[in-house]
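Peer 1: task: produce atomic coordinates for the following.
(2 chains)
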Amino acid sequence: GAVVSQHPSWVICKSGTSVKIECRSLDFQATTMFWYRQFPKQSLMLMATSNEGSKATYEQGVEKDKFLINHASLTLSTLTVTSAHPEDSSFYICSASRRGHRDGGTDTQYFGPGTRLTVL
Amino acid sequence: GQSLEQPSEVTAVEGAIVQINCTYQTSGFYGLSWYQQHDGGAPTFLSYNALDGLEETGRFSSFLSRSDSYGYLLLQELQMKDSASYFCAVSVYNFNKFYFGSGTKLNVKP
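Peer 2: Just a heads-up that it's a prediction; the model follows:
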């Protein structure tokens, strides 16, 4: 149990186009979903926190209009990279907190396999 | 803001013990977690500390000192499959938001 999927696993697009990435919790309802980006050999950078039915909370320095997040249900969140540019090329990872499941004192985060975005 | 520091790379031999340190500066600290990530893969949860002391889970143990803003991950009886990147992450304000350190690449040699 506790599987999180992402689609697509990789995508190549032209500069100026928009790309949508889906994150799904397959067998549980997610309290919260998170979006991260990771550059090669670097850390995961939290972009935004997403709760079902409410607006996402973006981290400082992350452009809300560029990275649109929609959290339509307890099992689905989408990240749309609008007007993508080569500098947006990165590994995008989502995670989902599983309602009622805690490791120690914090809700367990289950990570998706990631989506590699390459903008030409 | 949040700041976490880890060594960038550590090398050890099979069967050995290795300790990966993490120091942090953050407001609203709630707990320290550790994640393992193999190349090209997703991070997987290893351990979590909210209180001072040592938490043991099989070959992996994690330690936290809140007063020193310091923690470490201890890996015992190293195996080749332990070669991966290890990230410490702080959670803040009980909102379960995680901020990750820069990661430590562990190389296990025969």
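Peer 1: my read is B:Tyr81 is in a helix, agree?
Peer 2: Quick fix: residue B:81 reads Lys, not Tyr. Yes: assessed with DSSP: H, G, I helix; E, B strand; the rest coil, B:Lys81 lies in a helix.
Peer 1: burial measure for it, as a count.
Peer 2: 8 (other CB atoms under 10 Å in any protein chain shown). All C-beta spots, glycine's among them, are computed from the backbone N, C-alpha and C.
Peer 1: give me the distance between it and chain A.
Peer 2: As judged by CB to the nearest CB, to the nearest Å, B:Lys81 and chain A stand 18 Å apart.
Peer 1: please tell me how far that residue sits from B:Arg59.
Peer 2: Applying CB to CB, to the nearest Å, the value for B:Lys81 to B:Arg59 is 11 Å.
Peer 1: same question for A:Thr57.
Peer 2: From A:Thr57 to B:Arg59 the distance is 37 Å (CB to CB).
Peer 1: cool, B:Tyr30 as well?
Peer 2: For B:Tyr30 relative to B:Arg59 (CB to CB), the value is 26 Å.
Peer 1: neighbour-wise, which of these two wins?
Peer 2: B:Tyr30 (18 against 13).
Peer 1: which SSE is that one in?
Peer 2: strand B:29-37 (DSSP states H and E).
Peer 1: tell me the strands beside the next helix or strand after that strand, with direction?
Peer 2: Downstream of strand B:29-37, the next assigned helix or strand under DSSP H and E is strand B:44-49. According to DSSP bridges, strand B:44-49 has the following sheet partners: strand B:29-37 (antiparallel).
Peer 1: C-alpha coordinates for the strand it pairs with, CSV please?
Peer 2: Written as CSV, here are the backbone C-alpha positions of strand B:29-37 (Å, rounded to 0.1, in the frame of the first residue of the first chain):
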residue,chain,number,x,y,z
PHE,B,29,11.3,23.2,14.3
TYR,B,30,9.2,20.2,14.8
GLY,B,31,11.3,17.2,13.9
LEU,B,32,14.2,15.8,11.9
SER,B,33,13.7,13.1,9.3
TRP,B,34,16.1,11.1,7.1
TYR,B,35,15.5,9.9,3.6
GLN,B,36,17.4,7.7,1.2
GLN,B,37,17.5,8.3,-2.5
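Peer 1: buried sites along it?
Peer 2: B:29-37 (16 or more other CB atoms under 10 Å in any protein chain shown).
Peer 1: cool, stretch B:44-64 as well?
Peer 2: Using 16+ other CB under 10 Å as the test for burial, stretch B:44-64 gives B:45-50, B:55, B:60-64.
Peer 1: got CSV for the buried residues of strand B:29-37, with distance to A:Gln109 and pLDDT too?
Peer 2: Putting those into CSV (distance: CB to CB, whole Å; pLDDT from 0 to 100) gives the following:
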residue, distance to A:Gln109, pLDDT
B:Phe29, 17, 88
B:Tyr30, 13, 85
B:Gly31, 12, 88
B:Leu32, 14, 91
B:Ser33, 8, 90
B:Trp34, 12, 93
B:Tyr35, 9, 93
B:Gln36, 13, 95
B:Gln37, 13, 93
